[in-house]
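Undergrad: Got a predicted structure here, sequence first:
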Amino acid sequence: MLLRERIRTAYLLCSLLLLGCGSVKPSAKDVERDLTKAVPLQSTPVQVLDYLSGQKIEHSQYLRDAVQGNSIHAVVRDTSKWAIVKTDCGIVFRFDDHDRLVAYDVREHYTGP
């Protein structure tokens, strides 16, 4: 009887531990879906920067570059604590010569051993 209780307790603790280690990995699809709702095309750099700051997403300032084009770079970090390989989502916002958002590109980046 005592052995059964110990096995049940161990099973319960393992189950709770696994549930508590839920993943917080961002997926490119989820990030893109959120951006589509919050930052429409033709947005200004200020609107994009405000959104990124409000969501606490790491980002660069508005970069003006005649060769590569105007852009803002951002990254949504994987905040999981136990992942061996972390999955971050890098975002590049591209703007035209009139400082209007014309496109953004979301890509997953993997880091780990």
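TA: It's in.
Undergrad: CA atoms for contacts and neighbours, from now on please.
TA: OK.
Undergrad: Show me the helices in this protein, by range?
TA: Secondary structure of the chain by DSSP state H: the helices cover 2-20, 28-38, 45-54.
Undergrad: least reliable of these going by mean pLDDT?
TA: Ranked by mean pLDDT, the helices of the chain bottom out at helix 2-20, which scores a mean of 54.
Undergrad: show me what contacts the residue nearest to the spatial centre of the chain?
TA: In the chain, the C-alpha closest to the average C-alpha coordinate belongs to Val76, at a distance of 2.7 Å (C-alpha atoms, centre = their mean). The neighbours of Val76, taking C-alpha atoms under 8 Å, 6 or more residues apart in numbering as the test, are Pro26, Ile57, Glu58, Asp88, Cys89, Gly90, Ile91.
Undergrad: switch to 10 Å and redo it
TA: By C-alpha atoms under 10 Å, 6 or more residues apart in numbering, the contact set of Val76 is 25-28, 31, 52, 55-59, 87-91, 106, 108.
Undergrad: Quick one, which of the residues you listed are buried?
TA: Applying a neighbour-count criterion of 16 or more other C-alpha atoms under 10 Å, the buried members of the contacts of Val76 are 25-28, 31, 52, 59, 87-91, 106, 108.
Undergrad: want to throw those residues into CSV with distance to Pro40?
TA: Output for the buried ones among the contacts of Val76, formatted as CSV (distance: C-alpha to C-alpha, whole Å):
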residue, distance to Pro40
Lys25, 24
Pro26, 20
Ser27, 20
Ala28, 17
Val31, 14
Leu52, 13
His59, 18
Thr87, 25
Asp88, 22
Cys89, 19
Gly90, 18
Ile91, 15
Val106, 15
Glu108, 21
